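In: sharing a sequence plus its predicted fold:
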Amino acid sequence: MSDTLKPGLTATVRITVDTARTIGFMGEELRVYSTPSLLYDVEVACRELILPHVGEGKDSVGTRVEFDHVGATLLGMWVEITVKLTEVNGPAVTFEFSARDAVEEVARGKHSRFVVGLEKTAQRLKAKQAKAAGG
């Protein structure tokens with residue numbers, strides 16, 4: 001990992017809430033940003049923030065989330081997700097995040113990720129797949 005992977009790194013991404021990111025179970029007129037989609041977008045923002053700092057052949061995987069979804073964002077509105085790296089403990093990294101639309105805060109929380117080597121991860125997953133196929 002690079003010496004540049006330090007607490008204090010921040011990024012903000014703006015996403016337009018499209019149909020694929022919304023719930024549909026309350027009907028077309030009540031489509032809002034779904035919690036799973038918002039969480040996915042937070043994870044992607046965190047990953048993209050640290051990816052340039054982890055080195056070639058490495059990536060990160062999510063390990064923990066504390067998530068408060070406190071406001072509804074309507075289909076077609078934008079959301080800004082701001083992520084801040086707050087802790088680096090070897091390969092374990094922690095972020096705080098917030099999300100807001102044009103009207104209000106819609107989410108806040110913490111997210112933890114773990115930096116992994118792609119080759120080692122691939123080997124571990126292949127071994128697990130072999131165990132699953134044999135058992």
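Out: Good, I have the coordinates. Numbering: from 1, shown residues only.

In: and residue 25, backbone torsions?
Out: Residue 25 adopts backbone torsions of phi -70, psi -10, taken as degrees, to the nearest 10.

In: how many other residues sit next to it?
Out: 7 (other CB atoms under 10 Å). For the C-beta atoms, the positions are set from N, CA and C on the backbone; glycine is no exception.

In: that one and residue 31, how far apart?
Out: Distance, residue 25 to residue 31, by CB to CB, to the nearest Å: 10 Å.

In: what of residue 129?
Out: 38 Å.

In: the more surrounded of these two?
Out: A count of neighbours by other CB under 10 Å puts residue 31 above the other of residue 129 and residue 31, at 20 against 10.

In: what's near enough to touch residue 116?
Out: By CB atoms under 8 Å, 6 or more residues apart in numbering, the residues touching residue 116 are 58-61, 91.

In: ok, now residue 54?
Out: 1-2, 5, 60, 115.

In: and it, what pLDDT?
Out: pLDDT, residue 54: 95.

In: now residue 87. Nearest residue, chain neighbours left out?
Out: Excluding the flanking residues, the one nearest residue 87 by CB to CB, 6 or more residues apart in numbering is residue 94, at 4.1 Å.

In: report the separation between the residue nearest to residue 103 when sequence neighbours are not counted and residue 116.
Out: Spatial nearest neighbour of residue 103, excluding adjacent residues (CB to CB, 6+ apart): residue 71 at 7.7 Å. Going from residue 71 to residue 116 by CB to CB gives 33 Å.

In: these two touch, right, residue 75 and residue 17?
Out: Yes. Using CB atoms under 8 Å, residue 75 is in contact with residue 17, at 5.7 Å.

In: which of the two has more neighbours?
Out: Comparing residue 75 with residue 17 by neighbour count (other CB under 10 Å), the higher total belongs to residue 17, at 23 against 18.
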